[in-house]
Structures are given as structure tokens and as C-alpha cells.
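*Asks:* 3D model of this:
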Amino acid sequence: MGIINMSTLKPLDEKAIIKAAKKTQAIVTAENGSIIGGLGEGVGVILAENVSSALVKVGIEDEFNQSARVIGETKDDLMIHHGLTAEDLAVAVKKCVAKRDKLKLYRKFM
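*Replies:* Numbering: from 1, shown residues only. Purely as a prediction, here's the structure:
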């Protein structure tokens with residue numbers, strides 16, 4: 001288990017992603033932007049081309065991104081609205097581990 005701080009989308013640190021995927025077989029991406037065309041998709045392409053790993057993307061779903069003034073009074077309201085809180089990330093990690101375990105079980109019977 002670990003955290004990789006991806007400070008840029010281009011270029012993505014392919015070596016770090018592949019190393020983490022081989023180690024854990026479970027990757028969760030978290031971004032405060034759209035998951036469409038974002039970090040999660042970039043990581044997904046790297047995984048598809050290099051290593052089998054479960055992937056869960058956390059970020060803004062396919063919707064117009066609101067400002068905190070529209071949703072509520074604070075930045076926290078916006079994070080809650082888009083599912084970007086620490087609790088949401090913990091749920092995503094559990095979901096990813098379950099996907100990984102399901103993949104392992106599936107591979108056993110192939």
C-alpha cells in the first residue's frame with residue numbers, strides 16, 4: 001500500500017504506476033477534477049497496456065462542476081457533493097481491494 005503524488009497528467013510517471021500496480025494489484029486514483037480525460041483514465045491506459053490491476057477512480061463524475069457558492073457555504077460542502085472526502089476515499093479503497101480479490105479468484109479458475 002502507498003501513495004503516489006502525481007503532480008502532472010503529462011507526462012504520467014508510468015514506472016511508478018506499474019511498480020505500484022505490480023506490488024498491490026489495486027490502484028485508486030483521486031482527483032479534484034473530472035474523471036473523464038483525467039488522471040484515472042491515464043492510469044487506466046497504462047494498466048491496460050502493462051499490468052493486470054483493479055482500478056477505482058475517484059473524482060467528479062460526468063456533470064457540470066459547481067462552485068462552492070452554489071452548493072453550500074464551504075469548500076467541504078463541495079467535497080461532500082462530489083464524493084471527495086476522506087471517508088469517500090476509504091470506501092473507494094475498500095471497493096478496489098474487493099475488485100482485486102475478485103480478479104484473483106477469477107484468475108484461479110481460468
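*Asks:* contacting residues around Leu84?
*Replies:* By C-beta atoms under 8 Å, 6 or more residues apart in numbering, the contact set of Leu84 is 30, 32, 58-60. Every C-beta, even on glycine, is put in place using the N, C-alpha and C of the backbone.
*Asks:* with Gly38 instead?
*Replies:* 9, 29, 31, 57, 59.
*Asks:* can you do 10 Å?
*Replies:* Residues in contact with Gly38, defined by C-beta atoms under 10 Å, 6 or more residues apart in numbering, are 9, 29, 31-32, 57, 59-60.
*Asks:* between the contacts of Leu84, which sits nearest Leu105?
*Replies:* Val58 (24.2 Å; C-beta to C-beta).
*Asks:* does that closest one belong to a helix, a strand or coil?
*Replies:* Secondary structure, DSSP: H, G, I helix; E, B strand; the rest coil: Val58 is strand.
*Asks:* and it, what are its bridge partners?
*Replies:* Ala30 (DSSP bridges).
*Asks:* can I assume it is in contact with Val91?
*Replies:* Yes - between Val58 and Val91 a contact is recorded at 9.0 Å, counting by C-beta atoms under 10 Å.
*Asks:* who's more crowded, the two?
*Replies:* Between Val58 and Val91, Val58 has the larger neighbour count (other C-beta atoms under 10 Å), namely 24 against 14.
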